[in-house]
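*Asks:* need coordinates for the following:
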Amino acid sequence: MKKRTALNILSELGWKIEKDGNNTYTLQQFSNAGQDFSITISGKNADELINSIYSCYENFDVSYETYLWLDSTGHGKNGAPYDLEDILEDMKSCENMIYKSYEKLLLKQKSYHHVGA
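*Replies:* Numbers count the residues shown, from 1 in each chain. Model (predicted):
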């Protein structure tokens, strides 16, 4: 699979893609609760992009990301849901968005390698 194909698949999954450099991209979309959510990936080819997305998934700390959206009283701030539980669920859905993107690209890459074999 070509790098362009991988980026097109990400776009089809709802990610807005902004090129930050030669091989670096910011992927942005809104969470289920409407929060602006983004990750940064990099890669010279599709395999590297897929690995970068998996790295984002592996390093996504749901608890920490939830904490970032809490005010000093433990409630949502900056447009986040008011209740901590809702923010936590929203961050879990963001983590799932990353994994689903990785999974979709990996399946496409495996089918590409299988057909090409």
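*Asks:* which ones are touching Thr24?
*Replies:* With contact taken as CB atoms under 8 Å, 6 or more residues apart in numbering, Thr24 is in contact with 40-42. Using the backbone N, CA and C atoms, a C-beta is placed for each residue, glycine as well.
*Asks:* which of those residues ranks first by neighbour count?
*Replies:* Ile41 (26 neighbours; other CB atoms under 10 Å).
*Asks:* not counting sequence-adjacent ones, nearest residue to that one?
*Replies:* Leaving aside its sequence neighbours, Ile41 sits nearest to Ser52 (CB to CB, 6 or more residues apart in numbering; 4.0 Å).
*Asks:* can I assume that neighbour is in contact with Ala46?
*Replies:* No: using CB atoms under 8 Å, Ser52 makes no contact with Ala46, being 10.5 Å away.
*Asks:* contact partners of the helix or strand harbouring Ser38?
*Replies:* Under the criterion of DSSP states H and E, Ser38 resides in strand 36-42. Here strand 36-42 makes contact (CB under 8 Å, 6+ apart) with 20-21, 23-31, 48-49, 52-53, 56, 60, 94, 97-98.
*Asks:* which of those fall within strands?
*Replies:* Of those, the ones assigned to strands by DSSP state E are 24-30.
*Asks:* pick the one among these closest to Leu105.
*Replies:* Taking CB to CB as the measure, Leu105 lies nearest Leu27 of the ones in strands among the contacts of strand 36-42, at 11.7 Å.
*Asks:* what sits against the closest one?
*Replies:* 10, 15-17, 38-41, 101.
*Asks:* returning to that earlier point: the residue nearest to Ile41 and Asp36, how far apart?
*Replies:* According to CB to CB, to the nearest Å, Ser52 stands 20 Å off from Asp36.
*Asks:* so how far is Ala6 from Tyr102?
*Replies:* From Tyr102 to Ala6 the distance is 11 Å (CB to CB).
*Asks:* neighbour count: those two, which is higher?
*Replies:* When neighbours are counted by other CB under 10 Å, Tyr102 and Ala6 differ, and Ala6 comes out ahead with 24 against 20.
*Asks:* thanks a lot, catch you later.
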